[in-house]
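*Asks:* okay, sequence plus prediction incoming.
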Amino acid sequence: QVQLVESGGGSVQAGGSLRVSCAASGYTSRMAWFRQAPGKEREGVAGFDNGGRPTYRESVKGRFTISKDNAKNSLYLQMNGLKPEDTAMYYCAAKIRGVAYIPLHALEYDYWGQGTQVTVSS
């Protein structure tokens with residue numbers, strides 16, 4: 001069993017930056033970030049492919065950077081150039097065995113955090 005706790009969300013104006021973090025209570029083999037806006041389905045934002053390389057949804061490429069600190073069992077998402085359409089609850093997801101063959105697919109992951117809200121105003 002792994003517990004995930006997100007932090008770092010907040011409100012920012014368009015063009016601003018935020019960094020969200022996720023602390024895992026134990027070992028994880030793969031972690032990723034998802035988000036869900038009101039009235040919309042949860043979508044994958046950033047993760048790591050089966051080779052361990054970062055992968056992003058198209059709309060955040062060049063603006064968001066995912067990173068992981070294995071020693072701290074922590075995951076980060078640096079978000080620059082934020083847009084109002086980035087407004088959502090951001091969730092950390094993890095699995096404890098194997099890699100994620102479809103890193104931005106929610107069914108790849110067994111554990112989820114409670115989420116942290118990111119609000120971008122125009």
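*Replies:* Looks like it came in fine.
*Asks:* list the contacts for residue 121?
*Replies:* With contact set as CB atoms under 8 Å, 6 or more residues apart in numbering, residue 121 has these partners: 11-14, 84. The C-beta positions use only the backbone N, C-alpha and C, and glycine is treated the same way.
*Asks:* so of those residues, which ones are in strands?
*Replies:* Within these, membership in strands is found for 11-13, as judged by DSSP state E.
*Asks:* mind putting those into JSON lines with pLDDT and distance to residue 102?
*Replies:* Supplementary listing: these in JSON lines, determined by pLDDT from 0 to 100; distance: CB to CB, whole Å:
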{"residue": "11", "pLDDT": "98", "distance to residue 102": "32"}
{"residue": "12", "pLDDT": "98", "distance to residue 102": "30"}
{"residue": "13", "pLDDT": "98", "distance to residue 102": "34"}
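*Asks:* can I get the buried part of these as one ChimeraX selection?
*Replies:* Filtering these down to the buried ones (16 or more other CB atoms under 10 Å) takes a single ChimeraX command:
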select :12
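*Asks:* coming back round to it: ok, of the contacts of residue 121, which one's closest to residue 63?
*Replies:* Comparing the contacts of residue 121 against residue 63 with CB to CB picks out residue 14 as the nearest, at 11.8 Å.
*Asks:* give me the neighbour count for the closest one.
*Replies:* 13 (other CB atoms under 10 Å).
*Asks:* ok, residue 91 next?
*Replies:* Per other CB under 10 Å, the neighbour tally for residue 91 reads 23.
*Asks:* need the pLDDT of it.
*Replies:* You'll see residue 91 listed with a pLDDT of 98.
*Asks:* what bridges to it?
*Replies:* Residues in a beta bridge with residue 91, per DSSP bridges, are residue 34.
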